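Engineer: Give me coordinates for this.
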Amino acid sequence: MKKHLLLLFLLFSFGTTMAKNRKVKVITPYGTMIIKLYDQTPLHRDNFIKLVKAHFYDSTLFHRVINTFMIQGGDPESKHAQPGAQLGNGDVGYTVPAEFQLDLFHAKGALAAARDDNPAKASSGCQFYIVQGKKWTDEQLDNLEKNRLGGRKIPVDQREYYKQYGGTPQLDQSYTVFGQVVKGLDVIDKIATLKTDANNRPATDVPMKIKLIHKFLFF
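Structural biologist: Prediction:
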């Protein structure tokens, strides 16, 4: 009886663990990125996992690339897009409520949700971007706080990160950050520096495939 109860407890714990600390693998022609999904943003995490499980992102493109800023993907219309076609309007017909967290910021490698100009700042149901950004100086960050952040102070630890590693602090608390690249930051740089057209679409298509990284518990 005790052995049976222990088995049930381990199975329950396994299921709970599986729902947390999830990671995905983003495979591109320029290398693979491993991204940790944040549990602090469960709506975005679960929506992203749902789409990944359905293979929604497979064969979609990184369709918008801006050097020192970000690389954007997730437009379903990019799967079969003709060369040179303008992309970025495809979606899934729903939005995800904003989940801003003060400790989740636009560091280099941050995974964040794209959105239109809706007043609630709700996220696209499928389009996302990965931050490349740039390194900032104290003077630049001071000016940003004064002129674009309405006087909001960037936390000291985040300020130090932006100075040492880079990112896009101008987007903080305006677009939902829901993950972070933990391996493969160099892949972002390779894609971000590609030659692009007038719409910031890479001249050479950059398709992706996204897979869940499964965790196993042995006992």
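Engineer: Over to the residue nearest the centre of the chain: give its phi and psi.
Structural biologist: Centrality entry for the chain: nearest residue to the mean C-alpha point is Leu111, 1.7 Å, by C-alpha atoms, centre = their mean. Geometry field for Leu111 lists phi and psi as phi -100, psi 120, criterion degrees, to the nearest 10.
Engineer: Begin at 30 from now on, thanks
Structural biologist: New numbering, starting at 30: the last item is Leu140.
Engineer: Skip the chain neighbours and tell me the closest residue to it.
Structural biologist: For Leu140, the nearest residue in space outside its immediate sequence neighbours is Gly208; the separation is 3.3 Å by C-beta to C-beta, 6 or more residues apart in numbering. C-beta coordinates here come from the backbone N, C-alpha and C atoms, glycine included.
Engineer: got it, and Ala136?
Structural biologist: Using C-beta to C-beta, 6+ apart, the closest residue to Ala136 is Gly196 (4.5 Å).
Engineer: you'd agree that neighbour is up against Leu133?
Structural biologist: No - taking C-beta atoms under 8 Å as the definition, Gly196 is not a contact partner of Leu133, at 11.7 Å.
Engineer: anything in contact with each of the two?
Structural biologist: Common contacts of Gly196 and Leu133, defined by C-beta atoms under 8 Å, 6 or more residues apart in numbering, comprise Ala139.
Engineer: Those two - which one has more neighbours?
Structural biologist: Applying other C-beta atoms under 10 Å to Gly196 and Leu133 shows that Gly196 carries more neighbours, namely 24 against 21.
Engineer: What residues are bridge-paired with the more buried one?
Structural biologist: Partner residues in beta bridges with Gly196: Ala136, Lys163, with DSSP bridges as the criterion.
Engineer: would you list every one of the helices in this protein?
Structural biologist: With DSSP state H applied, the chain shows helices at 31-47, 71-82, 167-176, 185-193, 214-221, listed in chain order.
Engineer: Mean confidence (pLDDT) on the longest one, please.
Structural biologist: On average, the pLDDT along helix 31-47 is 42.
Engineer: Check stretch 111-128 too.
Structural biologist: In the prediction, stretch 111-128 has an average pLDDT of 95.
Engineer: got the end-to-end distance for it?
Structural biologist: Taking C-alpha to C-alpha, to the nearest Å, the first and last residues of stretch 111-128 lie 35 Å apart.
Engineer: Centre of the chain to it, how far?
Structural biologist: A distance of 14 Å separates the centroid of the chain from that of stretch 111-128, by C-alpha atoms, centre = their mean, to the nearest Å.
Engineer: and what of stretch 156-165?
Structural biologist: Distance of stretch 156-165 from the chain centroid (C-alpha atoms, centre = their mean) equals 9 Å.
Engineer: ok, the residue nearest to Ala136 - contacts?
Structural biologist: Applying C-beta under 8 Å, 6+ apart to Gly196 gives the contacts Phe134, His135, Ala136, Lys137, Ala139, Val160, Gly162, Lys163, Trp165, Tyr190.
Engineer: wait, Val206 sits on Lys65?
Structural biologist: No - Val206 is not in contact with Lys65 according to C-beta under 8 Å; the separation is 11.6 Å.
Engineer: For those two, indicate the residue with more neighbours.
Structural biologist: Set side by side, Val206 and Lys65 show more neighbours around Val206, with 25 against 18, by other C-beta under 10 Å.
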